[in-house]
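> sequence first, then the predicted structure:
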Amino acid sequence: MNNEKRTIASNFFSLTVLQAVNYLLPILVLPFLVRVLGLDKFGLVMFAQSLAAFFIIAVDFGFEISGTREIALAKKNKENLSQIFSAILIIKLALIIFWFITLFLLVEFIPRFKNNSIVYYLSFGIVIGHAIFPVWFFQGIEKMKFVTFINILAKLIFTVLLFIVIREESDYYLVPAFNSIGFILAGILGLLLCLKYVRFVKPPINLIKRLFIDSISLFFGKFATNLYTTCNVLILGFFVSDAIVGVYSSMEKLIIAVKNIYSPFYQASFPWLSNQSQNNRIKFLKKVTPIVFSIGLVIALVIYGFGDIILELIYDDELVNQYVLVFKILGVIAIFASLNMMLVSLYFTAVKLYKSRMQILIITGLFHLPLSLILVKLYGIYGMATAVMITEFFLLVIAFYFFQKHISEKLLID
């Protein structure tokens, strides 16, 4: 038990350091990009990154959860570990090819993308970097210090290149280029570090099929999540100008950073929780719930009370400051996200309720898509912020319903 606690503490520390860097670098980079590129080009770059985020989810295919669990269960058997590692990489490489062809068709046949094709092609490098970086492997063997080191290295490369090279609006295409370089280098380095624990082998076809099938529900769940997270910028981009997209993106990036403060703890706890009894899992949730809820409430109150000051300090942009109400609406998400992630991203995956998780996320995604389209058409950027807030609350209600249903069924079985 002491060794388990030390491992969780070590992973939690590593992920917390990474999250701290994820907080600090956007505070440096985003204001710089808004000032140098202007909100129009900044909005274009963020729009392209949102499209890349969709492809990242499509290529990950749920392996950040299923892959982590498979590796965690097989980590004591090097041969099985190597087969699982190789099988997942083969699937990911096939998915990279498929989704690049999809991007090519989008760019070449849709004017909205064709006019700025270089930005979309360069942004796909981020997808490649994410796909080959085996975070699922390091999380499964509970060696998150490697993830922290490599991710920080990638982000530092990207940040340094931005500040040294980008000087004017016409340099906007270099943002996705440098971002891609950082992530691809990180991916290559991550693969090389994996060779300390595994080797590349030819995995059985049956294993590839099983891993692919096991992750289908996770992919659809993550895809549904994408409908009310990263797709928001894409949806907004079809109704408003690139400048307004830039305004929304600048605030959304801050809210995403807020949501991710819970990730280090949940990610560090996931391998451990997967191997616990049901009673221990419930005790863990009861102990953690009031803590994460309190943190979320404090964050939401700070954003509501000091949102204008926060935006002024970080961006110092007149147009961004005009939409401070959008930031305050989005701030409410901090309360719901803390509990949503605990149930959907931690508990349901730890107990391998992939199908229930998929159902929760698909219901939420289908709820959000028409809601956001209607509210954006009526109220623009304010409509999107309101739709996102309502959807996060809806997700919490649905997740809690499924959680209670599962607990009741377990009691009847036991």
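All right, it came through fine. Numbers count the residues shown, from 1 in each chain.

> so, low pLDDT: which residues of the stretch 201-350 of the chain?
227 (pLDDT under 70).

> and with 90 instead?
201, 213-243, 245-247, 249-250, 252-286, 288, 292, 312-321, 334-335, 337-350 (pLDDT under 90).

> ok, and for stretch 192-203, which residues are buried?
193-194, 197-198, 203 (16 or more other Cβ atoms under 10 Å). The way it works is simple: take the backbone N, C-alpha and C, and place the C-beta from them, glycine included.

> of all those, which two lie farthest apart?
Spatially, the most separated pair among the buried residues of stretch 192-203 is 193 and 203, at 20.1 Å (Cβ to Cβ).

> tell me where the stretch 151-300 of the chain has helices.
174-194, 205-227, 231-237, 242-259, 263-274, 278-314 (DSSP state H, counting those that start in this stretch).

> redo those helices as TSV? Include distance to residue 148.
Conversion of the helices of the stretch 151-300 of the chain to TSV gives the following (distance: least, Cβ to Cβ, whole Å):
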stretch	distance to residue 148
helix 174-194	11
helix 205-227	23
helix 231-237	27
helix 242-259	16
helix 263-274	9
helix 278-314	21
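
> any idea which of the ones you listed gets closest to residue 109?
Of all the helices of the stretch 151-300 of the chain, helix 231-237 comes closest under Cβ to Cβ, at 17.0 Å.

> pull that closest one out as PDB, backbone CA atoms only.
Presented in PDB, the C-alpha positions along helix 231-237 are these (Å, rounded to 0.1, in the frame of the first residue of the first chain):
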ATOM      1  CA  CYS A 231     -16.200  21.800 -31.900                       C
ATOM      2  CA  ASN A 232     -17.500  24.900 -30.400                       C
ATOM      3  CA  VAL A 233     -15.000  27.100 -32.100                       C
ATOM      4  CA  LEU A 234     -15.700  25.300 -35.400                       C
ATOM      5  CA  ILE A 235     -19.500  25.900 -35.000                       C
ATOM      6  CA  LEU A 236     -19.000  29.500 -34.000                       C
ATOM      7  CA  GLY A 237     -16.600  30.000 -37.000                       C
END
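
> for that helix, packing partners?
Secondary-structure packing of helix 231-237 (3 or more Cβ pairs under 8 Å, 6 or more residues apart in numbering; DSSP states H and E): helix 2-60, helix 242-259, helix 354-379, helix 381-413.

> tell me the gap between it and the middle of its chain.
Relative to its chain's centre, helix 231-237 lies at 16 Å (Cα atoms, centre = their mean, to the nearest Å).

> roughly how far apart are the closest residue to residue 40 other than its chain neighbours and residue 53?
Ranked by Cβ to Cβ, 6 or more residues apart in numbering and with sequence neighbours excluded, the top spatial neighbour of residue 40 is residue 242, at 4.6 Å. Computed as Cβ to Cβ, to the nearest Å, the residue 242 to residue 53 distance reads 17 Å.

> swap in residue 374?
Relative to residue 53, and taking Cβ to Cβ, residue 374 is found at 23 Å.

> of those two, who's got more company?
Neighbours were counted for residue 374 and for residue 53 using other Cβ atoms under 10 Å; residue 53 has more, 20 against 12.

> okay, the more buried one: pLDDT?
Residue 53 is assigned 85 on the pLDDT scale.

> ditto for residue 7
So, for residue 7, pLDDT stands at 62.

> now do the one 5 residues further on
Here, the pLDDT recorded for residue 12 equals 63.

> do the one 5 residues further on as well
Here, the pLDDT recorded for residue 17 equals 69.

> what does residue 46 give?
On pLDDT, residue 46 comes in at 85.

> what about it, how many residues nearby?
23.

> for it, what are its contacts?
233, 245-246, 249 (Cβ atoms under 8 Å, 6 or more residues apart in numbering).

> just give the nearest non-adjacent residue to residue 226, would you?
Per Cβ to Cβ, 6+ apart, closest to residue 226 is residue 57, 5.2 Å.

> please apply the same query to residue 372.
Nearest to residue 372 is residue 387, by Cβ to Cβ, 6+ apart, at 4.0 Å.

> look at the residue nearest to residue 215 when sequence neighbours are not counted and report its pLDDT.
Excluding the flanking residues, the one nearest residue 215 by Cβ to Cβ, 6+ apart is residue 62, at 3.9 Å. Reading off the confidence values, residue 62 has pLDDT 83.

> does residue 62 really touch residue 219, like I thought?
Yes - using Cβ atoms under 8 Å, residue 62 is in contact with residue 219, at 4.6 Å.

> so residue 30 sits right up against residue 311, yeah?
No - Residue 30 is beyond contact range of residue 311, at 11.0 Å (criterion: Cβ under 8 Å).

> these two - which one has more neighbours?
More neighbours surround residue 311 than the other of residue 30 and residue 311, with 24 against 20 (other Cβ under 10 Å).

> what's near enough to touch that one?
If you count contacts by Cβ under 8 Å, 6+ apart, then residue 311 has 251, 320-321, 324, 327 around it.
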